[in-house]
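> here is the input, now give the coordinates:
(one chain, ligands or ions: 2)
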Amino acid sequence: MLDSPSFKRGDNSPALWSGQLNWPQPDGNKYDRGHAVVLGGPVAATGAARLSARTALRGGAGLVSIACDPSALMVYAVACEAVMTKPLRDADAFAALIADPRVTGVLMGPAAGVNDRTRALVLAALEAGKACVLDADALSVFEGGPDALFGAITAPTILTPHEGEFARLFGAITDREADAVVAAQKSGAVMVLKGRDTVIAAPDGRVVINKNASEWLATAGSGDVLAGLCVSLLAQGMPAFEAACAATWMHAEAAYLFGPGLIAEDLPDQLPRVWQGLSLGHNGFNVHG
Ligand SMILES: NC(=O)C1=CN([C@@H]2O[C@H](COP(=O)(O)OP(=O)(O)OC[C@H]3O[C@@H](n4cnc5c(N)ncnc54)[C@H](OP(=O)(O)O)[C@@H]3O)[C@@H](O)[C@H]2O)[C@@H](O)CC1
Ligand SMILES: Nc1ncnc2c1ncn2[C@@H]1O[C@H](COP(=O)(O)OP(=O)(O)O)[C@@H](O)[C@H]1O
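Numbering: from 1, shown residues only. Ligands and ions are numbered 1, 2, ... in the order given. Down below sits the predicted model:
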């Protein structure tokens with residue numbers, strides 16, 4: 001349906017994007033499913049990036065690394081197992097790290113800090129032409145001067161603001177759907193305007209409303225998980241709009257499968273059940289042959 005040039009608006013469902021999921025192949029290796037790099041926050045705020053990175057692995061990325069200031073490396077190294085850690089001194093070091101062609105997606109923002117360092121790292125990643133997901137502080141650092149951000153976006157990019165972050169870049173919201181479409185066109189990025197019904201808008205005018213969310217998702221770190229899922233699917237080669245739609249639906253489905261009492265930590269480990277549902281023909285159609 002989304003391939004039709006006439007498609008403009010609809011509710012999110014696997015029918016829109018399941019054909020573009022990157023399933024592991026019998027003769028494949030981990031690099032076939034991409035390497036996602038997550039920017040880690042400082043030593044006192046490591047949880048958000050760890051949630052994002054764990055989710056990126058559960059979302060199917062073949063490799064996931066957290067890049068962080070050397071002063072925080074020990075915390076990440078002790079806390080992470082399959083997720084790798086990379087020391088990162090400055091924007092030049094970040095550019096060198098992600099210049100590896102096998103790095104296929106970069107997430108910045110969760111607990112990164114609203115400061116000049118975060119701003120410089122975001123601009124370095126965008127200028128490197130990498131597929132990026134920008135969330136939280138990676139958006140807030142451009143409050144008061146968003147054109148510097150929009151002008152740097154050339155590669156596939158997903159922005160995942162909550163309403164407060166959205167207003168910092170685009171002004172007060174009057175109509176969530178219309179405002180998200182305008183914001184996508186203005187920024188050149190896929191917009192994921194989060195909320196009860198999340199609006200996903202592409203610069204070319206496509207817009208989808210996600211309606212399977214649970215109110216239990218309104219919990220600290222839930223957005224960090226969504227950002228991790230976005231970068232996972234982007235790093236696996238999905239187009240940005242389809243990756244954003246799939247991530248939003250899978251995030252909400254994970255919450256539904258867990259049920260009441262959910263906290264953000266519970267979400268990544270529900271993703272195998274989400275994948276199983278998709279592979280077995282969830283919602284009445286078979287996506288895995
Ligand atoms: N485990 C961890 O380490 C975690 C770390 N985290 C990290 O914390 C940092 C701060 O992130 P944040 O989102 O809490 O705060 P911030 O950017 O100041 O915005 C908050 C202000 O915006 C407004 N607002 C309007 N609509 C809103 C909405 N729908 N949802 C929320 N707010 C809304 C509202 O203003 P009000 O409307 O009340 O005037 C509110 O006061 C960031 O780095 C993040 O990654 C978190 O992810 C949690 C887990
Ligand atoms: N009332 C609600 N019902 C359903 N989903 C919600 C509700 N409130 C928030 N969400 C979802 O929870 C997530 C919260 O993300 P965010 O505000 O960035 O949190 P955090 O910064 O703590 O990670 C988003 O995916 C949003 O769509």
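
> quick one, what contacts the residue of the stretch 101-250 of the chain found nearest ligand 2?
Using Cβ to the nearest ligand atom, the single residue of the stretch 101-250 of the chain nearest to ligand 2 is G223, 2.0 Å away. Just so you know, the C-beta spots here come from the backbone N, C-alpha and C atoms, and that holds for glycine as well. Residues in contact with G223 (Cβ atoms under 8 Å, 6 or more residues apart in numbering) are 110, 135-136, 160, 162, 194.

> using CSV, write out every CA atom in stretch 159-166.
The C-alpha coordinates for stretch 159-166 follow below in CSV (Å, rounded to 0.1, in the frame of the first residue of the first chain):
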residue,chain,number,x,y,z
LEU,A,159,13.7,12.4,14.6
THR,A,160,11.8,11.0,17.6
PRO,A,161,10.6,14.0,19.7
HIS,A,162,8.0,14.0,22.4
GLU,A,163,5.7,17.1,22.3
GLY,A,164,8.1,19.2,24.4
GLU,A,165,11.1,18.4,22.2
PHE,A,166,9.0,19.0,19.1
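
> tell me how far that stretch is from the chain's mean position?
13 Å (Cα atoms, centre = their mean, to the nearest Å).

> contact residues of the stretch 151-289 of the chain facing ligand 2?
162, 194-196, 198, 213-215, 217-218, 220-224, 226 (Cβ under 6 Å from any ligand atom).

> I'd like to know which of those are part of strands.
Cross-referencing those against strands under DSSP state E gives T198.

> what's the closest of the residues of the stretch 151-289 of the chain next to ligand 2 to E143?
Proximity of these to E143 was ranked by Cβ to Cβ; the top entry is H162 with 13.7 Å.

> quick check: closest non-adjacent residue to the closest one.
K194 (4.9 Å; Cβ to Cβ, 6 or more residues apart in numbering).

> stretch 72-86 vs ligand 1: in contact?
No. Judged by Cβ under 6 Å from any ligand atom, stretch 72-86 and ligand 1 are separated, with a smallest distance of 11.9 Å.

> before we move on, what about stretch 168-185?
No. Stretch 168-185 lies out of reach of ligand 1 by Cβ under 6 Å from any ligand atom, never closer than 8.0 Å.

> okay, buried residues for that stretch please.
By 16 or more other Cβ atoms under 10 Å, the buried positions in stretch 168-185 come out as 168-170, 173, 176, 179-181, 183-184.

> ends of that stretch, what's the gap?
17 Å (Cα to Cα, to the nearest Å).

> residues making contact with that stretch?
Against stretch 168-185 from outside (Cβ under 8 Å, 6+ apart): 139-140, 142-143, 146, 149, 159, 161, 163, 166-167, 186-187, 190-191, 193, 195, 197, 199-203, 205, 207, 209.

> which of those residues come close to ligand 1?
Answer for the contacts of stretch 168-185 near ligand 1 (Cβ under 6 Å from any ligand atom): 140, 163.

> filter the contacts of stretch 168-185 to the buried ones?
Buried among those (16+ other Cβ under 10 Å): 139-140, 142, 146, 149, 159, 161, 166, 187, 190-191, 193, 199-203, 207, 209.
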